Structures are given as C-alpha cells and as structure tokens.
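K.L.:
show me how the following folds:
(2 chains)
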Amino acid sequence: MIIATYNINGIKARLNALTNWLEMRKPDVAILQEIKSVDENFPREHFEDMGYQVETHGQKSFNGVAILSKLPLEDIRRGLPGDDSDEQARWIEATVMGEKAVRICGLYLPNGNPVPGPKYDYKLAWMERMEARARQLLEFEEPFLMAGDYNIIPQAEDAKHPENWTEDALYRPESRAAWRRLLNLGFTDALRARNAAPETYSFWDFQRGAWNRNDGIRIDHFLLSSDCADLLEDCQIDSEIRGYEKPSDHVPVWVKLAA
DNA sequence: ATGGTGGGGAACCCA
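P.N.:
Sure, this is the predicted structure:
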C-alpha cells in the first residue's frame, strides 16, 4: 500500500491541487495537515466520491489534520494525549486494514517560532507528549508509523542553507534533540532509509522565489516502528507539484509498504 | 536591516 503525508495549507484553497495529485499518485491513504477547516466544512463528499473514507480532526482557521483512506479504517482516535487543556487540532490516529493492519498517526507538530517564547515551550512540551504516546504504541504488536509535518530540520543536509536556520525553532538544538530521542526509541526515518538523493526537500517558502532556487528544507517525515520498517519498499517525495498551479508550500512524501 | 508571499476570514494571526 501507498501511504502519503501532505501539508495542504488550507483545504479550500487546495481542493484542485489535492484532487489532481490524488488522481496522479493514487495513494491508498493520504494523511493531511493544515486543513484549516472545522469538520463540518471539510468537503467530505468530494473525497468520498473518489473512493476515500474521510476522517477529520479540524479546528477553525488554524491547524487541523485528516486521513483519507481507500482501505477501511478502525479505532480512530483524535488529539494527542497528555494535556486536556490543549485545544489545537494536531494529531489523529487510525488503523489501516490492508493485507496487514498498520497503525498510523498523522501529526502537525507546532512550528515553535519565535525562540525563545511560549510557542517554543509549547513545541517542546508537545514533543514530550508525542514521545510518551509513541512509547505506548510501541508496546502493541502491530506495526505503526507517525507521519506529517514535523517542523523539524533533522540535520544540516536537510536544508539548502542550514546557516540561515540556526536561530529557528525548526533547527534549534532542543528541537533536534527531541527528534533524535524519538529515533532512538527504534524508529526509522523512511526517506533516509530508502532515498539517498541529495538536496531532497519537502517545503519551499512562498517568498523570495525559494522554489526556483531549490532553497528548501526537509520537514515532512515518516517515522516507522521497526516492525513497520521491515515492510518498507520505497519512499519518495513528489516535489514537482510545488511548481504546479496554486501549490501548497509543502509537497507530498509517501511510502510504499508491503502491507 | 528590511520586506518579500500565501491562507483564513474580515482585523490581524500564523507560517
């Protein structure tokens, strides 16, 4: 099966671009971030007509995550555990019932800028909660993955100009250390496991012609549990659609699993 | 050093 992650930066503005990409890539599962829509306003029927089950966890104006799936979904769970006062819609889980069942987590990790400040504190606290949830899921037998916009540049090679990001929440030592703590639980960064192409990015700013200069960063990731990594056949980034009409500032990343 | 571009939604907030 093909599972993709795609920060669409607003479902209303991206309906055509998303639809065209779904018809091109034909993913079994599309994990979406920044739908920027409440559940009632998400164009559910449009995607159901394309054969997808639609599960959203939305919010007015900001954030919001969703899962579109051609395979049955079970045990859907909305929200990251660990803080009942957190009202930001950034986490959704489901089990995809393919040949093998795979637990998937869709996430929109906080940006965290400016540093220092309350937004950065929220980012780091959110990553601690995410690590706690990952530890819980690792206790189950079934393979699982966490995919989405991590807002983390893991290493220097994940940016065209890492020197421009040294004070940014996406590249600060604390953010990258939290990412490494996740990896050290036994997760595989799918892109690095299956794709050695240099200058491989998933986000290009709308400003200053970043796309035309390939001035990008890699911040959209798949982390696979060891059981899930055993199923990994491919991982690619559909970067070309960044140059299409009315694009998001992110592009889709996808994995092919033997599941 | 600044401002440059988008989306949401109706004045700014967020990225």
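K.L.:
average pLDDT for stretch A:161-175?
P.N.:
On average, the pLDDT along stretch A:161-175 is 97.
K.L.:
buried sites along it?
P.N.:
With burial defined by 16 or more other CB atoms under 10 Å, the residues of stretch A:161-175 counted as buried are A:Trp165, A:Asp168, A:Ala169, A:Leu170, A:Tyr171, A:Arg172, A:Ser175. In this view, the C-beta of every residue, glycine as well, is placed from N, C-alpha and C.
K.L.:
so the fifth one, which of the three states?
P.N.:
Under the three-state scheme (DSSP: H, G, I helix; E, B strand; the rest coil), the conformation of A:Tyr171 reads as coil.
K.L.:
and it, what is it in contact with?
P.N.:
A:Ile153, A:Ala159, A:Pro162, A:Trp165 (CB atoms under 8 Å, 6 or more residues apart in numbering).
K.L.:
quick one: list the elements packing against the host helix or strand of A:Leu15.
P.N.:
Assigned by DSSP states H and E, A:Leu15 belongs to helix A:11-25. Judged by 3 or more CB pairs under 8 Å, 6 or more residues apart in numbering; DSSP states H and E, helix A:11-25 is in contact with strand A:2-7, strand A:29-33, helix A:44-48.
K.L.:
okay, the ones you listed, which one's buried deepest?
P.N.:
Sort the helices and strands packed on helix A:11-25 by mean neighbour count, taking mean count of other CB atoms under 10 Å, and strand A:29-33 sits at the top with a mean of 28.
K.L.:
parallel or antiparallel, list what pairs with it.
P.N.:
When pairs are called by DSSP bridges, strand A:29-33 turns out to pair with strand A:2-7 (parallel), strand A:65-69 (antiparallel).
K.L.:
if you compare the directions of the helix holding A:Leu15 and strand A:29-33, what angle comes out?
P.N.:
If you take axes from the mean of the first three to the mean of the last three CA atoms, to 10 degrees, helix A:11-25 sits at 150 degrees to strand A:29-33.
K.L.:
would helix A:11-25 count as contacting DNA strand B?
P.N.:
Yes - judged by CB under 7 Å from any atom of the strand, helix A:11-25 and DNA strand B are in contact via A:Ile11, A:Lys12, A:Ala13.
K.L.:
from those, list just the buried residues.
P.N.:
Buried among the residues of helix A:11-25 next to DNA strand B (16+ other CB under 10 Å): A:Ile11.
K.L.:
distance to A:Cys105 for the residues of helix A:11-25 next to DNA strand B - can I get that in TSV?
P.N.:
Formatted as TSV, the residues of helix A:11-25 next to DNA strand B follow (distance: CB to CB, whole Å):
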residue	distance to A:Cys105
A:Ile11	20
A:Lys12	25
A:Ala13	25
